[in-house]
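J.: Could you look at this predicted model? Sequence included:
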Amino acid sequence: MEPIRVHSGLVYPLNRSNVDTDQIIPKQFLKRIERQGFGQFLFYNWRFDEEGEKRDSFTMNDEKYNDASILVAGDNFGCGSSREHAPWAILDYGFQVVIAPSFADIFYNNCVKNGILPVKLTEDETQAIIKKAEQQMLNLTVDLEKQLVVDEEDFSFSFDISDYHKQMLLNGWDEIAVTLTNEDKITAYEERQQIIG
Amino acid sequence: MTQPKTIIEKIWENHIVHQEPGKPDLLYIDLHLIHEVTSPQAFEGLRMKGRKVRRPELTFATMDHNVPTKQRHIIKDEVSKKQMHTLKENCEEFGVPLADIDHPDQGIVHVIGPELGLTQPGKTIVCGDSHTSTHGAFGALAFGIGTSEVEHVLSTQTLGQAAPKTLEVKVNGKLGTGVTAKDLILAIIAKHGVRFGTGYVIEYTGEAVRNLSMEERMTVCNMSIEAGARAGLISPDDTTIEYLRGRRHVPDGEAFDEAADQWRALATDEGASYDATVEIDADEVEPQVTWGTNPSMCIPVSANVPDPASQEKDYEQDAVQRALDYMGLEANQPIDSVKVDYVFIGSCTNSRLSDLKKAADVIQGRKVDEKVTALVVPGSRTVKEQAEAEGLDVIFKTAGFEWREAGCSMCLAMNDDIVPPGERCASTSNRNFEGRQGNGARTHLVSPEMAAAAALEGHFVDVRKITDTAVNR
Ligand code: SF4
């Protein structure tokens, strides 16, 4: 997993709440056995109609957002299914940061494990970003070390993240390797509980 | 005296392998369930790093999401076939027990875990599937995980987890006749929203919960994730213990009595406190129908679809309007005027024997409306066999239902069981998200009894009206 420290990029505003993982990546694309290549299916049913043609009504299809790398959405983002295909699709499409007032628990974890930075701002702060980004092309800088979201002119919002998640993202840790440094403790637990292989 | 504790705290403390300040606790996992969709990348990860499965005997796999339900062996979709084949190969390579498509134990992972007695009170249970919360009905701490976490558990039999907050959902009083566990959980989510459980583990308590059977408790716990909670559980009691007695993976004889004593001791202590509590009166719950595109968009069957104008904030108005547009409904329309094209009885929420029996009671001696396509998909091959032994298949088929093989089927439409665009389905599953049952498909979540009633009438109807006339007939 790639470490992430400071990220600057273009915002794509998606002013919807309760965006579920069925919308982020519909089930027909969950049959692949690889981790790569899911970006083309991101928000598939919103981006494409039944014939597979782009829907003009869905703003993400606007070419001006082609290079967007910061997704800003409404609350409870990523609710529903635990499918990690959702963050895989988001990352593969080119988003490094997702900002929302709240995230579903499993989705939040899945982001961190894939090097996507999930940023929780308040409802008002998120709406301020969305409103501005709907009016103009908006670039933001997200600084994980300082826990700040900064716009060149208007605002600087701070955000919370647990120290552990922060370290994981800053260092791009392989979590299994970290856990295996405590393998003796796992074995000791198994012996205590008489879970004998 | 020691501090009174909730069952959540007790299970947590029993499973701590390692604690360090500023880090999540490292928890031991007692049971890891696996299915074909969320596991291939995890096994591939192990292979790439040369890692093995630490405890294959604490791991159990089945095939459910992709499996065909018309004829088990005819898998038209090559990619589905490959995914199922990959699971089989992975299980062979890593020594993981598998109930594959030909195995008599095959079924939806959350139906077969309890059926086989793999699910037991006090266990930590995970699966790469958000409805793992189902197993909480037994007083287990059970939650869904992502594929990276699946790989972590395969390799270490542990998971790093921050201690959750605890939330008591207390259900006072009694459910009325014809009002089900499904109506109860839908009403709870309608009242408190789709994220009131985020960051919490829920414990369901109260008189109405105590009176539920194990299968009804599973229906309730199943939908905890639709309230945002990764896990929802119920303290074990005699109902739990009697359900488990004699199951294959449960100890027998004296060992069972010992286990039962330990299970009882797990129940939340008198006077234990939770981080938050919400209450609901069971007496007030009516049969429910969802009208929108998330499970909190839900109303009693006697009510009208909401009006966007009644919402406060502009983005809330947009959300209601978008849901109405997607669902093809008008504001203020009575929900029982809405016609259905499909009826689906199945899924890990409502596909167990008692669910099928209750639906069969409603339809016995009646016919499915000729415009409705109706199917029953038992949750497991065992459920299917038991139902057939009781003649339920005949009741369903005579009424005009299709009787299928076990699997997830139309709950998420990954196999051939798809609701076409613009068509409307009364479904006993757990998610009414856009496109869940097929691109453009419109899902209304209901209980098995309400689904059966809708199949007969061709539109939503209060099932109590039908069963009343059935009594009077
Ligand atoms: S029945 Fe539906 S919700 Fe349950 S595990 Fe299968 S797909 Fe998921």
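T.: Perfect, I can see it now.

J.: So which residues of chain A form helices?
T.: Counting by DSSP state H, chain A has helices at residues A:21-24, A:44-47, A:85-93, A:105-112, A:123-135, A:163-171, A:175-180, A:183-192.

J.: What are the contacting residues of the fourth one?
T.: If I follow you right, that is helix A:105-112. A:21, A:77-79, A:82, A:84, A:86-87, A:90, A:98, A:103, A:117-118, A:165, A:168-169, B:130, B:144-149, B:198-199, B:228, B:230 (Cβ atoms under 8 Å, 6 or more residues apart in numbering or on different chains). All C-beta atoms are positioned from the backbone trio N, CA, C, and that covers glycine.

J.: And for whatever residue of chain A ends up closest to the ligand, the neighbour number?
T.: Nearest residue of chain A to the ligand: residue A:81, at 7.2 Å (Cβ to the nearest ligand atom). A count of nearby residues for residue A:81, using other Cβ atoms under 10 Å in any protein chain shown, gives 30.

J.: so what's the closest residue to it other than its chain neighbours up against?
T.: Of all residues beyond its chain neighbours, the one nearest residue A:81 is residue A:21 (4.6 Å), with distances taken as Cβ to Cβ, 6 or more residues apart in numbering or on different chains. Going by Cβ under 8 Å, 6+ apart, residue A:21 touches A:78-83, A:85-86, A:107.

J.: Let me know the pLDDT of residue A:21.
T.: Note for residue A:21: predicted pLDDT of 97.

J.: Check residue B:470 too.
T.: Turning to residue B:470, the model gives it a pLDDT of 49.

J.: Need the helices of chain A in TSV (columns: distance to the ligand).
T.: Formatted as TSV, the helices of chain A follow (distance: least, Cβ to the nearest ligand atom, whole Å):
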stretch	distance to the ligand
helix A:21-24	11
helix A:44-47	17
helix A:85-93	14
helix A:105-112	13
helix A:123-135	30
helix A:163-171	27
helix A:175-180	25
helix A:183-192	29
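
J.: Out of those, the one nearest residue B:360 is which?
T.: Taking Cβ to Cβ, helix A:21-24 is the member of the helices of chain A nearest to residue B:360, at 30.5 Å.

J.: Dump that closest one to CSV, restricted to CA.
T.: Taking Å, rounded to 0.1, in the frame of the first residue of the first chain, the C-alpha atoms of helix A:21-24 are listed here in CSV:
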residue,chain,number,x,y,z
THR,A,21,-21.5,0.3,-1.7
ASP,A,22,-24.1,-1.1,-4.2
GLN,A,23,-24.0,2.3,-5.9
ILE,A,24,-20.2,2.7,-5.6
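
J.: check contacts around residue 144.
T.: Picked chain A for this. Under the criterion of Cβ under 8 Å, 6+ apart, the neighbours of residue A:144 are A:4-7, A:117, A:161, A:166, A:169-170.

J.: Please refer instead to chain B.
T.: With Cβ under 8 Å, 6+ apart, residue B:144 has these contacts: A:82, A:106, B:126-133, B:225, B:230.

J.: Repeat the analysis, applying 10 Å as the threshold.
T.: A:81-83, A:105-106, B:38, B:126-134, B:225, B:230-231 (Cβ atoms under 10 Å, 6 or more residues apart in numbering or on different chains).

J.: what does residue B:64 give?
T.: Residue B:64 is in contact with B:35-37, B:99, B:101, B:106-112, B:129, B:348, B:379-380, B:406-409, B:411, B:414-415, counting by Cβ under 10 Å, 6+ apart.

J.: Which single one of the contacts of residue A:144 is nearest to residue B:216?
T.: residue A:161 (39.5 Å).

J.: unless I'm mixing things up, residue B:193 is touching residue B:294, no?
T.: Yes - with contact defined as Cβ atoms under 10 Å, residue B:193 counts as touching residue B:294 (9.2 Å).

J.: Give me the buried subset of the contacts of residue A:21.
T.: By neighbour count, with 16 or more other Cβ atoms under 10 Å in any protein chain shown, those hold A:78-83, A:85-86, A:107 as buried.

J.: So what's the residue count around residue B:206?
T.: Residue B:206 has 17 nearby residues by other Cβ under 10 Å.

J.: so how far is residue B:171 from it?
T.: 4 Å (Cβ to Cβ, to the nearest Å).

J.: Equivalent analysis for residue B:460, please.
T.: Counting by Cβ to Cβ, the gap from residue B:460 to residue B:171 is 24 Å.

J.: Likewise for residue B:259?
T.: Counting by Cβ to Cβ - residue B:259 and residue B:171 are separated by 28 Å.

J.: mind listing what's buried in stretch B:414-431?
T.: In stretch B:414-431, residues buried by neighbour count (16+ other Cβ under 10 Å) are B:414-415, B:417-419, B:423-431.

J.: Quick check: residue B:403 touching residue B:360?
T.: No - counting by Cβ under 10 Å, residue B:360 is not a contact partner of residue B:403; they are 11.0 Å apart.

J.: quick one: which of these two has more around it?
T.: Neighbour comparison, residue B:403 and residue B:360: the larger count goes to residue B:360, with 23 against 19 (by other Cβ under 10 Å).

J.: Who are the packing partners of the strand ranked longest in chain B?
T.: Among the segments of chain B that qualify as a strand by DSSP state E, the longest is strand B:165-172. Under the contact criterion of 3 or more Cβ pairs under 10 Å, 6 or more residues apart in numbering or on different chains; DSSP states H and E, strand B:165-172 touches helix B:7-14, helix B:181-192, strand B:200-205, helix B:207-210, strand B:276-281.

J.: Any chance of JSON lines for those, columns mean neighbour count?
T.: Formatted as JSON lines, the helices and strands packed on strand B:165-172 follow (neighbours: other Cβ atoms under 10 Å in any protein chain shown):
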{"stretch": "helix B:7-14", "mean neighbour count": "20"}
{"stretch": "helix B:181-192", "mean neighbour count": "24"}
{"stretch": "strand B:200-205", "mean neighbour count": "26"}
{"stretch": "helix B:207-210", "mean neighbour count": "18"}
{"stretch": "strand B:276-281", "mean neighbour count": "15"}
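
J.: Format the ones you listed as TSV; extra columns: mean pLDDT.
T.: Formatted as TSV, the helices and strands packed on strand B:165-172 follow (pLDDT from 0 to 100):
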stretch	mean pLDDT
helix B:7-14	98
helix B:181-192	98
strand B:200-205	98
helix B:207-210	98
strand B:276-281	98
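
J.: Go through these and name the closest to the ligand.
T.: Comparing the helices and strands packed on strand B:165-172 against the ligand with Cβ to the nearest ligand atom, the closest turns out to be helix B:181-192 (13.6 Å).

J.: List the strands paired with the helix or strand where residue B:126 lies, with their directions.
T.: Counting by DSSP states H and E, the element that carries residue B:126 is strand B:124-127. Strands that pair with strand B:124-127, judged by DSSP bridges, come out as strand B:31-34 (parallel), strand B:141-144 (parallel).

J.: Need the mean per-residue confidence for it.
T.: On average, strand B:124-127 scores 98.

J.: now stretch B:417-424
T.: Mean predicted lDDT for stretch B:417-424 stands at 96.

J.: what do you get for stretch A:187-197?
T.: 85.

J.: List the buried residues for it?
T.: A:189-190, A:195.

J.: For chain A, give me the ranges with low pLDDT.
T.: Chain A contains residues with pLDDT under 70 at A:196-197.

J.: hey, C-alpha coordinates of the longest strand along it in CSV?
T.: For chain A, the strand with the greatest residue count under DSSP E is strand A:6-14. Output of strand A:6-14 as CSV, limited to C-alpha atoms (Å, rounded to 0.1, in the frame of the first residue of the first chain):
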residue,chain,number,x,y,z
VAL,A,6,-0.1,15.4,1.8
HIS,A,7,-2.4,15.3,-1.1
SER,A,8,-3.4,18.2,-3.3
GLY,A,9,-6.0,17.7,-6.0
LEU,A,10,-9.3,18.6,-7.7
VAL,A,11,-12.6,18.1,-5.9
TYR,A,12,-15.5,16.2,-7.3
PRO,A,13,-18.6,17.1,-5.3
LEU,A,14,-21.3,14.5,-4.9
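
J.: Kind regards, and thank you for your time.
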